[in-house]
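Undergrad: fold the following, please.
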Amino acid sequence: MTEHLTKETFIFKVFDYENNKEWKYNGELPCLIDFYADWCGPCKMVAPILEELAKEYDGKMNIFKIDTEAETELASIFGIRSIPSLLFVPKVGQPQMAMGALPKESLEKAFKEVLGVEK
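TA: Residues are numbered from 1 along each chain as shown. Model (predicted):
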């Protein structure tokens, strides 16, 4: 199941940008963050794929969603200009951003290569 994040839950579960300048991931598992909007067609196409992947990778990684319309501060911090934008966050190291609605195969490849996670 994907989980929707607000500014408060993002600060707790992902990164406390208000108190840290350097990236420090707070999570126990690597994660993918989907920056989306309800009106976005490509976002609607990728949503069921992310739900499916959340079930398949349960316990190995988390999949979070951030509504860029409701959470404008988070969208601006990450410089979101187009949606969907997907942020791949490994346990160690810097996160990587990908733009656009990626197919399931590309997401799984990134899970393996960027996050070090396999089914």
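
Undergrad: what's the longest helix in the chain?
TA: helix 41-56 (DSSP state H).

Undergrad: identify the residues contacting it?
TA: 1-2, 32, 34, 36-37, 62-63, 65, 83-84, 100-104, 107-108, 111, 119 (CB atoms under 8 Å, 6 or more residues apart in numbering). Any C-beta I mention is one placed from the backbone N, CA and C, and that applies to glycine too.

Undergrad: cool, stretch 11-26 as well?
TA: The contact list for stretch 11-26 (CB under 8 Å, 6+ apart) reads 5, 27, 31, 33, 62, 64, 77, 89-92, 94-95.

Undergrad: what is the end-to-end distance of that stretch?
TA: 8 Å (CA to CA, to the nearest Å).

Undergrad: what are the buried residues along it?
TA: Within stretch 11-26, the residues scored as buried using 16 or more other CB atoms under 10 Å are 11, 13, 14, 15, 17, 25.
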